[in-house]
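J.: Just need the structure, nothing else, for what follows:
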Amino acid sequence: MFAADTRAVVVPVTGASQKETHATWKHIAEPVEPFLEAVAQRLEKQVREFDPAIVPYAEYALTGQGKQLRPALVALSANASGTLNDSHVTIAVIIEMVHLATLVHDDVMDEAEIRRGRLTLAANWGNEIAVLFGDCLFAHALKLAASFPTPEICRAVAMATNTVCSGEILQTQQRRNFQFSQPEYFKVLEMKTAELFALSCDLGACLTGAPAVQRNGLRQFGMALGTAYQLYDDCLDLFGSEAAAGKSLGTDLAKGKLTLPILLAWEQATVEEKATLQGNILKWEPGHFAPVIELLRKYKTFAKSVEIINQYLEKSRQTLKVLPESANQAGLIGLTEFLARQTEKLGVCA
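T.: Model (predicted):
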């Protein structure tokens with residue numbers, strides 16, 4: 001056991017059949033709600049660990065919680081392979097802080113003004129403060145990871161953080177590069193997004209003392225689910241609405257990021273269409289959005305993207321066969337169904 005504190009965290013299990021799954025976030029999160037609340041409270045406590053002059057930034061970043069998807073993965077993976085304890089709260093806080101740090105930096109790079117329905121940290125205090133505070137979040141997460149009695153946890157968090165940042169660098173290098181291939185694109189998705197999903201599942205199982213086969217299965221589940229999630233997010237940026245998403249959209253095109261729908265259209269477009277698409281993205285302005293979307297619709301890139309998302313979701317479900325059937329395994333399957341439903345909703349705009 002690698003737990004810094006192995007006190008049990010009591011998480012009620014609903015009376016649902018073990019095989020019953022639900023595709024709403026409420027049904028998925030309800031069984032682990034006490035755990036998610038404990039994570040939120042501990043994140044708030046971390047605010048006081050920063051220098052008083054930095055507290056306003058920390059409070060703003062650490063208390064504006066989203067769905068807590070990664071902490072939910074920690075809890076569901078732990079319960080599916082063993083028993084939750086207080087160390088899982090700590091590891092969920094660590095992973096969420098790394099995630100929040102990446103969001104702070106992403107918003108600077110994308111010049112995004114809205115995140116989770118409110119102004120980004122950069123929009124409030126400027127890019128310089130945002131970049132430096134993102135660095136502070138990374139460092140604080142590693143400080144917490146070092147509190148575990150063995151180096152394995154800290155090493156895993158450090159390696160995952162390195163992978164995430166490396167993925168962002170690779171994506172930045174490939175901006176406006178129309179030679180960017182699909183295999184290269186999927187590698188970026190695995191590194192920059194799926195890695196933290198995989199880490200959440202792996203360490204959730206690790207801290208219960210789960211056997212290697214279950215840890216590996218859960219890690220592969222997180223990798224496939226995380227890749228599907230980023231594919232969905234890339235489609236959301238093109239086909240979604242800011243009101244529903246609660247964040248700035250259209251930033252990928254503005255920054256020259258070639259996501260799957262663009263790559264799919266590029267493969268099928270005529271020579272003239274390729275020249276127009278390339279010109280629109282290389283010399284981007286808001287008026288270019290409509291013709292780009294028109295081209296994506298012509299080649300049915302949303303439907304093809306959904307097909308690939310569903311392939312990853314099915315792959316993620318298959319990896320869970322190494323686990324015994326339980327309400328918590330069903331909760332993990334429910335996450336895949338929830339993402340599938342969210343993706344379907346984009347079809348209204350696409």
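J.: Which secondary structure element is home to the residue of the chain most remote from its centre?
T.: Within the chain, Glu272 marks the point farthest from the mean C-alpha position, 36.3 Å out by Cα atoms, centre = their mean. In this assignment (DSSP states H and E), Glu272 forms part of helix 271-282.
J.: Which parts of that helix count as buried, going by neighbours?
T.: 273-274, 276-277, 280-281 (16 or more other Cβ atoms under 10 Å). Yep, even glycine has a C-beta here, placed from its N, CA and C like the rest.
J.: Need those residues in CSV (columns: pLDDT and distance to Asp233).
T.: Supplementary listing: those in CSV, determined by pLDDT from 0 to 100; distance: Cβ to Cβ, whole Å:
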residue, pLDDT, distance to Asp233
Glu273, 98, 26
Lys274, 98, 25
Thr276, 98, 26
Leu277, 98, 21
Asn280, 97, 22
Ile281, 97, 19
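J.: And Gly82, what's its pLDDT?
T.: Gly82 carries a pLDDT value of 96.
J.: Pull out the buried positions in stretch 128-147.
T.: Across stretch 128-147, burial judged by 16+ other Cβ under 10 Å covers 129-130, 133-134, 136-138, 140-142, 144-145.
J.: dump the residue contacts of Thr319.
T.: Contacts for Thr319 (Cβ atoms under 8 Å, 6 or more residues apart in numbering) come out as 217-218, 220-221, 224.
J.: Make CSV from those and add neighbour count, secondary structure and distance to Tyr185 to it.
T.: Formatted as CSV, the contacts of Thr319 follow (neighbours: other Cβ atoms under 10 Å; DSSP: H, G, I helix; E, B strand; the rest coil; distance: Cβ to Cβ, whole Å):
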residue, neighbour count, secondary structure, distance to Tyr185
Gly217, 24, helix, 26
Leu218, 30, helix, 25
Gln220, 19, helix, 20
Phe221, 31, helix, 21
Ala224, 24, helix, 16
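J.: wait, which of those residues is closest to Val306?
T.: For those, the minimum distance to Val306 (Cβ to Cβ) is 15.6 Å, reached by Ala224.
J.: Local confidence estimate at that closest one?
T.: For Ala224, pLDDT reads 98.
J.: Which elements pack onto the helix holding Glu272?
T.: helix 260-268, helix 289-298 (3 or more Cβ pairs under 8 Å, 6 or more residues apart in numbering; DSSP states H and E).
J.: Specify the angle between the first one and helix 271-282 in degrees.
T.: Read that as helix 260-268. 150 degrees (axes from the mean of the first three to the mean of the last three Cα atoms, to 10 degrees).
J.: now the longest one
T.: Relative orientation of helix 289-298 and helix 271-282, computed by the same axes, to 10 degrees: 140 degrees.
J.: Tell me where the model's unsure across this protein.
T.: 1-22, 65, 247, 348-350 (pLDDT under 70).
J.: got a list of contacts for the helix holding Glu272?
T.: In contact with helix 271-282 (Cβ under 8 Å, 6+ apart) are residues 176, 178, 253, 256, 258, 262, 265-266, 269, 288, 291-292, 295.
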